[in-house]
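Colleague: Here's my sequence, what's the structure:
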Amino acid sequence: LFRSSTSPSAQEQVLGEVVEQEAQDLLSFELEESEIDPELPPRIFDSPYRLIIPKIGVDMEIIPNEKNEKLALKRGGWLIPGTADPTNANGYNNMVIAAHRYQYTSGPNTFFDLDLLENGDEVIIEWEEQIFRYLIEKSEVVEPSEVSVLAKTSQPQLTLFTCTPKFTTKQRLIVTAKPI
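Modeller: Sure thing, here's the model as predicted:
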């Protein structure tokens, strides 16, 4: 990185300038993100699609337009192709997001504690610099063959689903929420 003819004080000055520039870049990134909604936690990934569930610590990327289920679920919450997005541009009304219950760990990128949500808990979708807020309305457990949870609805709603009980694929936990 440095030539041997560079004195230690010159090296320190250059290094200090690099660190200062990186800090300024990081600060400006956080400021740009906080302009969307200063109450949201800082972004931990670079995507215009984000799912936040404050009560259970979920903060995951939403993966839209991905037909490969396994690839999408490795990255975060998979927006099931053909279902609505929060703008409801396609008129489907039902935005359906699936995510793993665990990925060899719990954490913000899984639905590990989805079963702890109660009616009235908040879910936040950040979608292309717009914020959409929902309140949990219902939780239920269904068989994996129950595909009605994917159906078009008459009113906008958010449907989240994952496997249940934890560490099995026996059934599906379905959580639905309505926009505020």
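
Colleague: Setting the sequence-adjacent residues aside, check what's closest to G91.
Modeller: Among residues not flanking G91 along the chain, A84 sits closest, at 7.7 Å (Cβ to Cβ, 6 or more residues apart in numbering). For glycine as for every other residue, the C-beta is placed from the backbone atoms N, C-alpha and C.

Colleague: Would you mind measuring from that neighbour to P64?
Modeller: To P64, A84 is 11 Å away according to Cβ to Cβ, to the nearest Å.

Colleague: next one: S47
Modeller: Using Cβ to Cβ, S47 is found at 10 Å from P64.

Colleague: which one of these two has more residues nearby?
Modeller: P64 (19 against 15; other Cβ atoms under 10 Å).

Colleague: which residues sit in contact with the nearest residue to the more buried one once chain neighbours are set aside?
Modeller: Nearest residue to P64, sequence neighbours excluded (Cβ to Cβ, 6+ apart): L79, at 4.3 Å. Listed by Cβ atoms under 8 Å, 6 or more residues apart in numbering, the contact partners of L79 are 49, 62-66, 85, 95-97.

Colleague: And for S154?
Modeller: S154 is in contact with N93, counting by Cβ under 8 Å, 6+ apart.

Colleague: now do 10 Å
Modeller: S154 sits next to 93-94 when contact means Cβ atoms under 10 Å, 6 or more residues apart in numbering.

Colleague: Shouldn't it be within a helix?
Modeller: No: judged by DSSP: H, G, I helix; E, B strand; the rest coil, S154 forms no part of a helix; its state is coil.

Colleague: start the count at 49, not 1, going forward
Modeller: Done: numbering now begins at 49, and the last item shifts to S202.

Colleague: Give me the pLDDT for it.
Modeller: With respect to pLDDT, S202 scores 94.

Colleague: Look up how far N136 lies from it.
Modeller: Plainly put, S202 is 12 Å away from N136 if you go by Cβ to Cβ.

Colleague: Overlap of the contact sets of those two?
Modeller: N142.

Colleague: where along this protein do the helices fall?
Modeller: Ranges of helices within the chain are 56-82, 117-123, based on DSSP state H.
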